[in-house]
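Asks: When you get a sec, could you give me coordinates for this:
(2 chains)
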Amino acid sequence: MPKVHDRVLLILFCFGFAGVLLGGFLNFAPNRLAKGVAYSFFQMPGFEMSAVLAGLLAAGFLSFASREKLRACATILAASLILWGGLKGAGDFAALLIQDGPPAARASLGATFWILAGVAILAIIDAVQKGNFGVPARLCIGAFFCAGFFLMGALGNLDHLSLAREFSSKRDVFMTELLRHLGLVCAATFLALIIGVPLTLIVLRKTAVVGFVFAGLGILQTIPSIALFGVLIAPMSRLSESLPMLRELGINGTGPAPAILALTLYSLLPLVRSFYTGLSEVASEVKEAATAIGFGARRMFIEIELPLALPALISGLRVLTIQAIGLASVAALIGAGGLGTFIFQGIGQYALDLVLLGAIPVILLALATNLIFAVLLGLARRHS
Amino acid sequence: MIELRDVSKNFGGVPAVSHFSLKIESGAFFVLAGPSGCGKSTVLRMINAMIAPDAGIVEIDGQDIRATEPEILRRGIGYVIQTPGLFPHWTAADNILAVPRLLHWSASKCAARLDELVALLHIDSTLLGRYPRQLSGGQQQRIGVARALAADPGVILMDEPFASLDPVSRLALQDELRGIHARSGKTIVFVTHDMDEALRLATGMAIMEHGRLIQSGTPAAILRDPADEFVRDFLGGEALQLRLLDLVPVRKLTKHGRTRETLTIRADASLKKALNLMLAHQRSALCVADERGTRLGEIRLSDIVARRDAI
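Replies: Numbering: from 1, shown residues only, chains lettered A, B, ... in the order given. Model (predicted):
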């Protein structure tokens, strides 16, 4: 019995294989509302099917390979076979089906596709971590997959999938909502920094208020997001009624203002906690040595404390931005816009593809943010 | 000269140092010794204003240290602590040059000084680009000492700098430091609870207990005449006489003239070494020679036993 060297990969292979055997690969319906017919994986075009199967089997075999770096590289290739083969196969398959179907026919991606895509993406992430690739290599791998996706989109391979149709019919709105989503996250992060950094400095100086501040922020954090968005509507609208200046700035009970406020409040706890921990954990003998050889307080903060706390600060920012990206989807409920708009519209219209049009970019945004912060963290950790 | 006049300090109502007065001559290698918690580190930290005394005055070269901004004062005083306290995000070279850069030295002056320090402390120059965590404890402390010496301060304060090192690195650094002190004529104030270390290094020392100065003087004077039981115990109790032998060179008790002894010891070796040699070879006398091997005379066991009268 050969030795298993990569259990994660083996488990992913099993999931992928189970996904191929069970579930539908493509769902074909005469229109948006009608219940469709599920086509299995084995009914898709043969060339792409063999590519996916080859990638999957390769992943299975690779879990027995002993050389870490080589396995990581090969896994990435195998996973790209699964991912690109699956996408191309689904696109071509949809084109075939739609050719003969009614004009309103829709082909949407089924469970098998999503399982395979998930398996491929997880395998890539795991391989990148295990292969211990440097920052440039990671960025190249990321860029390679993004480029492939956009290339397929541009060549029209995916045009017949309902998700792509949903996207192309909403292209302008999509960009607006995406930017709006990013705007909400950036504004909240910016505000959280403006409030949180001075708050952290106060907490560091006056240790008596530590418990009080963290208890307060902790309570804020436990309020469910929908509730907080809702709770802010009344005071914000009262405020904008009594202050015409605010009204002129477009600050209302609903819309982006209360959403940004709520996101800011949620961001404060992870921010202050990580900044506080990071700065207070700088070794006391290092600070003592710095004082003893003539560093003043400001210089010490800038040259010693801040750089040494940097990894903790970046981790804190990572948590709060990813959290804000997720929470901002809920903001659509109070009219703040963002990618959540598609999710809630989709739920209302029972259009699953519309939900995905909102949900997938939110997930991708979170993953991309995570990658960016991981890279920054790697840079910051090199010397501390 | 460093002078502390009637200095006291309480921490939360508990006296750490009380009515402490001391003069440390320029160029001294002065050791502050005493058991843990006796206030020796507090005294040390009052010299560079890390701790402000509740009462009393600290003067360096006749000037009250409060007349100078603490940061400016500290840049002119070297400081080494037990765990090296190197900046983990700076290379060894950057750590060494911390104070010169605070003082805005030019790049060429910094580079020249770095070369001097590397030669002075026998630092392997391949270590200079490394970060502290890539260095051994002994190497880190060598960098720590270099950092304290970097801006050529007249006074260097050291708070148990070698306490966490292995015996080999500790001895090597002690020798290094003694050599540097002898050549540079800097004033070193050194805190330790290790009596062997204190006696090996000190030209002058003070013994403290419960925040008070119990006795000060040269190591030999204190060993010869401990002020009380506490000092006697602290110096090593039973073995006190043996420690004293360590401080006296063979030269002092040599009877000049011809000798029939064949086993030779150098005149600058300690009496303890001579006694050890006698015990090892079951002799009651040794031949004494100078560093060139010229026979000077002999040393007898009976003279060592009766040394009180001779020293």
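
Asks: all contacts plus neighbour counts: C-alpha atoms, from now on.
Replies: Fine.

Asks: so how many other residues sit close to residue 239?
Replies: Let's take chain A. By other CA atoms under 10 Å in any protein chain shown, 16 other residues sit near residue A:239.

Asks: You answered for a different chain; I wanted chain B.
Replies: Here the count is done by other CA under 10 Å, and residue B:239 has 11 residues near it.

Asks: Check what pLDDT it gets.
Replies: pLDDT for residue B:239: 75.

Asks: And the one 5 residues further on, by the same measure?
Replies: Among the per-residue scores, residue B:244 holds a pLDDT of 78.

Asks: quick one, phi psi at it?
Replies: The phi/psi pair for residue B:244 (degrees, to the nearest 10) reads phi -60, psi -40.

Asks: Distance-wise, check the closest residue to chain A within the stretch 151-300 of chain B relative to residue A:169.
Replies: Residue nearest to chain A within the stretch 151-300 of chain B: residue B:157 (9.8 Å; CA to the nearest CA). According to CA to CA, to the nearest Å, residue B:157 stands 75 Å off from residue A:169.

Asks: who in chain B is up against chain A?
Replies: For chain B, the residues in contact with chain A (CA under 8 Å from any CA of the partner chain) are B:48, B:50, B:70-75, B:77-81, B:83-90, B:99, B:102, B:131, B:148.

Asks: The residues you listed in strands, which ones?
Replies: If you go by DSSP state E, these have B:77-80 in strands.

Asks: most surrounded residue in the residues you listed?
Replies: Tallying neighbours with other CA under 10 Å puts residue B:79 at the head of these, with 31 neighbours.

Asks: looking at the sheet around it, what are its partners?
Replies: Here residue B:79 sits in beta bridges with residue B:157, as judged by DSSP bridges.

Asks: If we go by neighbour counts, what in the helix or strand hosting residue A:142 is buried?
Replies: Assigning secondary structure by DSSP states H and E places residue A:142 in helix A:135-155. Within helix A:135-155, the residues scored as buried using 16 or more other CA atoms under 10 Å in any protein chain shown are A:138, A:149, A:152.

Asks: What is the nearest of these to chain B?
Replies: residue A:138 (24.7 Å).

Asks: and residue A:85, what helix or strand is that in?
Replies: For residue A:85, the host element (DSSP H and E) is helix A:68-100.

Asks: ok, then the element right after that helix?
Replies: Sequence-wise, the next helix or strand downstream of helix A:68-100 (DSSP H and E) is strand A:106-109.

Asks: list the contacts for residue B:48?
Replies: Contact analysis of residue B:48 by CA atoms under 8 Å, 6 or more residues apart in numbering or on different chains lists A:292, B:65, B:70, B:73-74, B:77.

Asks: Surely residue A:254 is in a helix?
Replies: No. Counting by DSSP: H, G, I helix; E, B strand; the rest coil, residue A:254 is not part of a helix but coil.

Asks: and the worst-scoring helix or strand of chain A on mean pLDDT, what other elements does it pack with?
Replies: Ranking every helix and strand in chain A by mean pLDDT, DSSP states H and E puts helix A:244-248 at the bottom, with a mean of 72. With contacts taken as 3 or more CA pairs under 8 Å, 6 or more residues apart in numbering or on different chains; DSSP states H and E, helix A:244-248 sits against helix A:225-242.

Asks: Touching, residue B:82 and residue B:160? I think so.
Replies: Yes. Contact status for residue B:82 versus residue B:160: in contact at 5.2 Å, counting by CA atoms under 8 Å.

Asks: buried set for the longest helix seen in chain A?
Replies: As assigned by DSSP state H, the longest helix anywhere in chain A is helix A:171-205. Buried residues in helix A:171-205, defined by neighbour count with 16+ other CA under 10 Å: A:174, A:177-178, A:180-189, A:191-193, A:195-197, A:199-200, A:203-204.

Asks: With stretch A:229-242 instead?
Replies: The neighbour-count check on stretch A:229-242 (16+ other CA under 10 Å) flags A:229-230, A:232-233, A:236-237, A:239-240 as buried.

Asks: now swap in stretch B:56-65 and tell me
Replies: B:56-60, B:65.

Asks: For that stretch, measure first residue to last.
Replies: Length of stretch B:56-65, first residue to last, CA to CA: 12 Å.

Asks: Where does pLDDT dip in chain B?
Replies: Across chain B, the ranges flagged by pLDDT under 70 are B:237, B:307-311.

Asks: Give me the domain ranges for it.
Replies: Domain segmentation of chain B under automatic domain parsing yields B:2-243, B:248-310.

Asks: Identify, out of the ones you listed, the most deeply packed stretch.
Replies: domain B:2-243 (a mean of 18; mean count of other CA atoms under 10 Å in any protein chain shown).
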